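Q: here is the input, now give the coordinates:
(chains A and B)
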Amino acid sequence: GAVVSQHPSWVICKSGTSVKIECRSLDFQATTMFWYRQFPKQSLMLMATSNEGSKATYEQGVEKDKFLINHASLTLSTLTVTSAHPEDSSFYICSARGIAGGTHTGELFFGEGSRLTVL
Amino acid sequence: QKEVEQNSGPLSVPEGAIASLNCTYSDRGSQSFFWYRQYSGKSPELIMFIYSNGDKEDGRFTAQLNKASQYVSLLIRDSQPSDSATYLCAVNMFGALDTGRRALTFGSGTRLQVQP
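A: Sure thing, here's the model as predicted:
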């Protein structure tokens, strides 16, 4: 299957600082990537849809000024958590839909996830 | 009503038994259905997908789809302790309009425990 790489896997930061998480599709072009957040023992929550070359689409209740998304190329999307607070501590996971030969394959491929801890 | 519903569990089965995981969805126009497995602290990994009514088998896993009743299930034969994880059902609700630019809709997951 397709590979989505996410970095860093773990990050610990002080309250008030900003943290950037990178998501790369390694062997396919992803015009669209999705960012999820997951709190312990809870389900995946879609935060936003990242579209290459255009603004991200945020889900209701997600602050766009706090969670900055940039999708500058077909293989890279970044999520920046600005002015992080302890309540932002969570598991952040990016994903992309597979595209093969111009036809999407449907399934989501997930990155390894980034665990953010804000002190 | 949630768009994709799963029993949160835990579902506990003895080693070697068949584990049956169920999922219902609300949108009759949904076209494709996916099962993901998520170990604690890890990101989800795709187990299998199904598009057509009926059964689809892959090794110890069988996905079953009934569009008329709007449910999809996953059977795990000869369950192993390593199968203990949370199983997520995901639905593509956009059918023929799906251009790959919309996220799948996930259920909340069923936690499976396989007892040695």
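Q: now A:Arg24. Its backbone dihedrals?
A: The phi and psi torsions at A:Arg24 (degrees, to the nearest 10) take the values phi -120, psi 140.
Q: what does chain B have sitting close to chain A?
A: B:32, B:34, B:36, B:41-46, B:49, B:88, B:90, B:92, B:98-104, B:106-109 (C-beta under 8 Å from any C-beta of the partner chain). Just so you know, the C-beta spots here come from the backbone N, C-alpha and C atoms, and that holds for glycine as well.
Q: which residues of the chain fall in helices?
A: Picked chain A for this. Ranges of helices in chain A, per DSSP state H: none exist.
Q: for A:Leu76, which non-adjacent residue is closest in space?
A: Nearest-residue entry for A:Leu76: A:Arg24, 5.3 Å, with adjacent residues in sequence omitted and distances by C-beta to C-beta, 6 or more residues apart in numbering or on different chains.
Q: what's the neighbour count on the one you found?
A: Neighbourhood size, A:Arg24 [other C-beta atoms under 10 Å in any protein chain shown]: 19.
Q: that one and A:Ala72 touch, don't they?
A: No - counting by C-beta atoms under 8 Å, A:Arg24 does not reach A:Ala72; the two are 11.5 Å apart.
Q: quick check: mean pLDDT of stretch B:45-56?
A: Mean per-residue pLDDT for stretch B:45-56: 92.
Q: ok, now stretch A:70-90?
A: Averaging the model's pLDDT scores along stretch A:70-90 yields 93.
Q: restrict it to CA atoms and write it as PDB.
A: Provided in PDB are the C-alpha atoms of stretch A:70-90 (Å, rounded to 0.1, in the frame of the first residue of the first chain):
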ATOM      1  CA  ASN A  70      -0.200  24.400   4.700                       C
ATOM      2  CA  HIS A  71      -0.300  22.100   1.700                       C
ATOM      3  CA  ALA A  72       2.400  23.600  -0.400                       C
ATOM      4  CA  SER A  73       3.100  20.600  -2.700                       C
ATOM      5  CA  LEU A  74       1.500  17.400  -3.800                       C
ATOM      6  CA  THR A  75       3.500  15.400  -1.300                       C
ATOM      7  CA  LEU A  76       3.700  17.600   1.800                       C
ATOM      8  CA  SER A  77       1.200  19.000   4.200                       C
ATOM      9  CA  THR A  78       2.100  20.600   7.600                       C
ATOM     10  CA  LEU A  79       0.000  21.300  10.700                       C
ATOM     11  CA  THR A  80       1.200  23.900  13.100                       C
ATOM     12  CA  VAL A  81      -0.300  24.100  16.500                       C
ATOM     13  CA  THR A  82       0.200  27.700  17.500                       C
ATOM     14  CA  SER A  83       0.500  28.900  21.100                       C
ATOM     15  CA  ALA A  84       0.000  25.400  22.400                       C
ATOM     16  CA  HIS A  85      -1.700  24.700  25.700                       C
ATOM     17  CA  PRO A  86      -1.900  21.600  27.800                       C
ATOM     18  CA  GLU A  87      -5.400  20.900  26.400                       C
ATOM     19  CA  ASP A  88      -3.900  20.600  22.900                       C
ATOM     20  CA  SER A  89      -2.000  17.500  24.100                       C
ATOM     21  CA  SER A  90      -3.200  14.700  21.800                       C
END
